[in-house]
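Chemist: here is the input, now give the coordinates:
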Amino acid sequence: MATRKYEAKAGWMSKSYKLKKETVEAFAKACDEAGVSQAGKLTEMMNAFVNEVKEAKKEK
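Modeler: Sure thing, here's the model as predicted:
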């Protein structure tokens, strides 16, 4: 319970997606080989995409 309270206060949330098994396994392997966490890489890619969309909107 304390963990959930902390996560909510700190702005963390859990999100679930349905993806192809092959994609999930290949991503996990690539992250392992690169020595990065899956959550960290997903956050990086999400932030890059958000910034890409923001920049595209500015150019219009």
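Chemist: mind checking the backbone torsions on residue 17?
Modeler: Torsion angles at residue 17 (phi, psi; degrees, to the nearest 10) stand at phi -130, psi 150.
Chemist: show me what the longest helix along the chain is packed up against.
Modeler: When the chain is parsed with DSSP state H, its longest helix is helix 38-59. Other helices and strands packing on helix 38-59, by 3 or more Cβ pairs under 8 Å, 6 or more residues apart in numbering; DSSP states H and E, are helix 21-34. C-beta here means a position set from N, CA and C on the backbone, and glycine is covered the same way.
Chemist: may I have the longest helix of the chain as CSV, with CA atoms only?
Modeler: Coordinates of each C-alpha in helix 38-59 appear next as CSV, following Å, rounded to 0.1, in the frame of the first residue of the first chain:
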residue,chain,number,x,y,z
GLN,A,38,13.2,-2.0,-20.9
ALA,A,39,11.3,0.7,-18.9
GLY,A,40,14.1,3.2,-19.5
LYS,A,41,14.2,2.5,-23.2
LEU,A,42,10.5,2.8,-23.5
THR,A,43,10.5,6.1,-21.7
GLU,A,44,13.3,7.4,-24.0
MET,A,45,11.4,6.3,-27.1
MET,A,46,8.1,7.8,-25.9
ASN,A,47,9.7,11.1,-25.0
ALA,A,48,11.4,11.3,-28.4
PHE,A,49,8.1,10.7,-30.1
VAL,A,50,6.3,13.3,-28.0
ASN,A,51,9.1,15.8,-28.9
GLU,A,52,8.9,14.8,-32.6
VAL,A,53,5.2,15.5,-32.7
LYS,A,54,5.6,18.8,-30.9
GLU,A,55,8.2,19.9,-33.4
ALA,A,56,6.1,18.9,-36.3
LYS,A,57,3.2,21.0,-34.9
LYS,A,58,5.5,24.0,-34.6
GLU,A,59,6.4,23.7,-38.3
